[in-house]
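Provided below are the primary sequence and the corresponding predicted coordinates.
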Amino acid sequence: MPSNGQPARAVDLKDPGLYINRELSLLAFQRRVLEEAQDESNPLLERVKFLAIVGSNLDEFFMVRVAGLKRQVEAGSVEVGPDGMSPADQLEAIRAEVNTLITNASRCFRRQLIPTLEQAGIYIRTFGSLSEAQKHRATKYFESSVFPVLTPLAFDPGRPFPHISNLSVNLAVIIRDAAGEQHFARVKVPEGLPQLIRVDAQAGPRRKTTAQTFVWLEDLICANLEALFPGMRVVEAHPFHVTRDADIEIQELEAGDLLETTEEGLRQRRFGDVVRLQVDQEMPPSMLRILINNLEVTRSDVYRIRGPLKISRLMKLANVERAELKYAPFVPSVPKALEFDPEDENIFTAIRRRDVLLHHPFNSFQPVIDFLKGAAEDDDVLTIKMTLYRVGRNSPVVKALLDAMENEKQVAALVELKARFDEGSNIEWAKALERQGVHVVYGLIGLKVHSKIALVIRKEGEEIRRYVHLGTGNYNSVTAHLYTDLGLFTTDEEIGADATDLFNYLTGYSAKNDFRKLLVAPINLRQRFLELIEREIEHHKKHGGGHMILKMNALVDAEMIRSLYRASVAGVKVDLLVRGICCLRPGVPGVSENVRVISIVGRFLEHSRIYYFRNNGDDEVYAGSADLMPRNLNRRVEVLFPIEEKRVVRFLRDEVLDVYLEDNVKAREMKPDGTYTRKLVAKGVPRISSQDVLLERNRVVSER
């Protein structure tokens with residue numbers, strides 16, 4: 001009761017003021033990535049990489065999120081989300097945020113990174129500022145390697161405006177003929193060539209210099225445009241960059257062949273509607289009008305950039321061989337539980353002894369590959385089944401499946417063709433697996449299969465035993481060294497039975513509506529997760545001490561947010577470790593005073609999903625592939641799996657989650673208005689960087 005004796009008014013948990021817009025929260029995450037580029041404590045080339053990631057993330061943001069909003073506006077939609085913003089409102093707010101973001105990114109590049117790179121002997125020059133020797137080398141490269149692949153395209157009544165492919169960098173050129181008439185032409189900057197051209201004499205046996213000087217490819221082309229338009233005078237040239245709608249909409253119910261339909265969608269992606277036009281700061285209005293009219297964009301789709309367009313291309317610069325300017329390398333460890341004498345035992349023997357948790361990248365991904373290779377070669381293994389979402393190129397995982405087929409195992413693989421921007425790679429793997437006789441499933445109608453699970457069925461004497469690997473990340477040996485993720489090996493009979501039921505659901509027909517231990521979307525995950533939150537509320541009301549630590553990539557789902565608000569109102573302590581989008585507002589009086597939201601970017605992409613519930617002292621932990629987003633809970637096949645061995649539960653609670661919560665170096669805490677601030681560290685308080693702590697623990701284990 002309030003002090004005036006009147007009953008407290010119930011809080012409307014659907015109030016739009018309690019929700020942060022999804023897209024604006026995603027842009028706030030890009031600001032946090034940009035802060036890593038601005039952070040002088042990071043190695044120089046890692047800062048360059050973070051800036052490139054900002055560019056790549058913004059490309060995808062426009063190709064998918066902005067494109068979707070623009071389609072809604074064109075369809076006349078005025079529907080609002082939980083935050084109360086219409087599609088048109090969101091586009092207006094996005095433009096303001098993006099302008100600020102790209103201005104800050106450009107300033108970071110020009111004022112912070114360029115001078116620091118030069119101090120390290122790495123130079124990015126304009127063609128005009130090169131020495132005569134450098135100009136000579138650059139021009140020779142242009143003549144031998146660039147000029148032959150260029151195609152100047154005129155624009156006049158007999159030749160229509162050329163098609164501009166998605167994410168391409170182009171030059172808009174004004175030329176004047178002998179009669180004094182001006183013409184517009186377009187030159188595409190070749191994507192298959194290095195975008196930064198090295199123009200200095202490279203070090204050799206007699207040359208000890210470590211200086212490296214580069215010029216942007218478009219700048220080199222601009223300096224040699226006369227060669228493309230002989231007999232003409234080049235008046236001016238300016239780069240521009242086009243981003244198109246690249247979200248493939250597959251009409252699955254009408255598609256006779258999902259593989260064929262996805263391939264056609266990939267072809268169409270290159271020329272979807274233009275959703276963003278980036279031009280350099282100096283492009284004149286007359287030239288810009290030509291682009292706006294012919295690309296059919298509005299002024300609000302145009303972004304003027306001071307500095308290089310398509311900053312994602314800086315990733316190549318980040319790969320320059322300068323080890324002293326990068327993070328120190330580390331050697332992932334292998335858990336002692338997986339150490340065995342190959343003369344007497346194998347990986348199956350080790351997994352049979354007890355559940356084994358892998359914490360990547362601190363633990364090696366090699367045991368997962370060994371598990372699949374061992375299954376492919378083991379005479380007692382009968383069947384291998386697994387889901388493949390993003391496996392990458394030259395995948396040892398897929399090779400193991402192909403080897404298993406050669407060894408006459410039964411192999412089934414669900415290759416998700418709709419894994420955005422990995423469709424092409426997955427199509428190739430699906431075809432390769434099919435050619436070898438693997439039972440390949442492309443996905444389910446209306447659902448994207450995002451779960452990470454592998455099932456090996458092995459005959460052991462008179463018994464059949466199921467070995468299961470469940471993960472929070474992809475079966476990709478490259479990204480496993482870059483992202484934080486969890487993987488669990490288990491022979492738990494109920495989890496094995498659930499895995500069998502799941503694959504029957506994925507490859508056949510099933511109306512199954514529950515599982516023994518696994519939480520599976522869209523079947524029982526939402527309901528069971530809400531029950532876990534409600535259970536924590538009830539425990540707290542009866543016994544106190546309610547506590548949840550939920551680590552994920554994104555928190556968007558309104559029903560889940562309302563449930564967390566109810567927990568906070570009931571007094572449950574809620575710690576949210578949300579790397580990216582968070583639509584919940586922490587610290588709102590009477591609603592979320594007991595909620596804390598922390599975001600950590602740092603060296604490793606925080607990709608693991610770990611959900612901890614105190615459960616009145618009987619700690620319970622789930623991990624898996626699902627974030628708390630409508631798409632994950634409603635439109636994807638996701639799996640959360642329980643961590644049941646108490647020693648592993650304690651490890652995740654005390655040595656992983658608590659370390660993240662104690663981070664006062666890389667952690668940023670969210671305020672009620674949606675902004676993020678770094679924690680203030682009092683004098684004398686130890687500085688704790690969670691990823692560094694986890695790396696150091698791994699080093700100590702590796703050296704034992």
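Yep, that arrived.

where are the low-confidence patches of the stretch 201-350 of the chain?
Residues of the stretch 201-350 of the chain that meet the criterion pLDDT under 70 lie in 202-209, 248-271.

please, where are all the helices along it?
Assignment of helices within the stretch 201-350 of the chain using DSSP state H, counting those that start in this stretch yields the ranges 217-223, 258-269, 285-295, 315-318, 347-353.

residues contacting Arg276?
Taking C-beta atoms under 8 Å, 6 or more residues apart in numbering as the criterion, Arg276 is in contact with Phe62, Val66, Val242, Thr243, Asp301, Tyr303. For glycine as for every other residue, the C-beta is placed from the backbone atoms N, C-alpha and C.

export the residues you listed as a markdown table, with columns for distance to Ala10.
What follows is these, written out as a markdown table (distance: C-beta to C-beta, whole Å):
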| residue | distance to Ala10 |
| --- | --- |
| Phe62 | 41 |
| Val66 | 37 |
| Val242 | 51 |
| Thr243 | 45 |
| Asp301 | 44 |
| Tyr303 | 45 |
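
from these, which is closest to Arg603?
Arg603 lies nearest to Phe62 out of the contacts of Arg276, by C-beta to C-beta, at 26.7 Å.

if I read this right, the closest one contacts Val275, doesn't it?
Yes - contact criterion C-beta atoms under 8 Å: Phe62 and Val275 qualify, at 5.2 Å.

who touches both of those two?
Going by C-beta under 8 Å, 6+ apart, residues that sit against Phe62 and also against Val275 are Thr243.

what's the distance between Leu433 and Asn394?
Counting by C-beta to C-beta, to the nearest Å, the separation of Leu433 from Asn394 is 15 Å.

of these two, which one has the most company?
Under the criterion of other C-beta atoms under 10 Å, the comparison of Leu433 against Asn394 puts Leu433 first, with 21 against 9.

what about the chain, any weak spots by pLDDT?
Within the chain, the stretches with pLDDT under 70 are 1-9, 157-159, 202-209, 248-271, 418-426, 429, 700-704.

which residue lies farthest from the center of it?
In terms of distance from the mean C-alpha position of the chain, Ala179 ranks first, at 53.3 Å (C-alpha atoms, centre = their mean).

got the contact list for it?
With contacts defined as C-beta under 8 Å, 6+ apart, Ala179 has no neighbours.

where's it, which helix or strand?
In this structure, Ala179 is located outside every helix and strand according to DSSP states H and E.

count of neighbours near Asn513?
9.

what residues are up against it?
Contacts were defined as C-beta under 8 Å, 6+ apart; by that measure Asn513 touches Ile523, Asn524.

that one: what secondary structure?
Counting by DSSP: H, G, I helix; E, B strand; the rest coil, the backbone at Asn513 sits in coil.

please, where are all the helices along the stretch 551-700 of the chain?
Defined through DSSP H, counting those that start in this stretch, the helices belonging to the stretch 551-700 of the chain, from first to last, are 558-570, 630-634, 646-650, 658-662, 690-703.

where do the strands sit along the stretch 201-350 of the chain?
For the stretch 201-350 of the chain, the strands identified by DSSP state E, counting those that start in this stretch occupy 212-216, 233-244, 274-280, 302-305, in order along the chain.

how far off centre is the second one?
Spelled out, it's strand 233-244. Computed by C-alpha atoms, centre = their mean, to the nearest Å, the separation of strand 233-244 from the middle of its chain amounts to 30 Å.

buried ones in it, by neighbour count?
Neighbour-count burial for strand 233-244, counted by 16 or more other C-beta atoms under 10 Å, picks out Val234, Ala237, His238, Pro239, Phe240, His241, Val242, Thr243, Arg244.

adjacent strands (with direction) for that strand?
The strands beside strand 233-244 in its sheet (DSSP bridges) come out as strand 169-176 (antiparallel), strand 274-280 (antiparallel).

may I have the first one exported as PDB, CA atoms only?
Written as PDB, here are the backbone C-alpha positions of strand 169-176 (Å, rounded to 0.1, in the frame of the first residue of the first chain):
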ATOM      1  CA  VAL A 169      31.400   0.400 -55.500                       C
ATOM      2  CA  ASN A 170      31.100   2.400 -58.700                       C
ATOM      3  CA  LEU A 171      32.400   5.600 -60.200                       C
ATOM      4  CA  ALA A 172      30.000   8.100 -61.600                       C
ATOM      5  CA  VAL A 173      31.900   9.900 -64.400                       C
ATOM      6  CA  ILE A 174      31.200  13.100 -66.300                       C
ATOM      7  CA  ILE A 175      33.100  13.300 -69.600                       C
ATOM      8  CA  ARG A 176      33.200  16.000 -72.300                       C
END
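
I'd like the next helix or strand past that strand.
Along the chain past strand 169-176, the next helix or strand (assigned with DSSP H and E) turns out to be strand 182-188.
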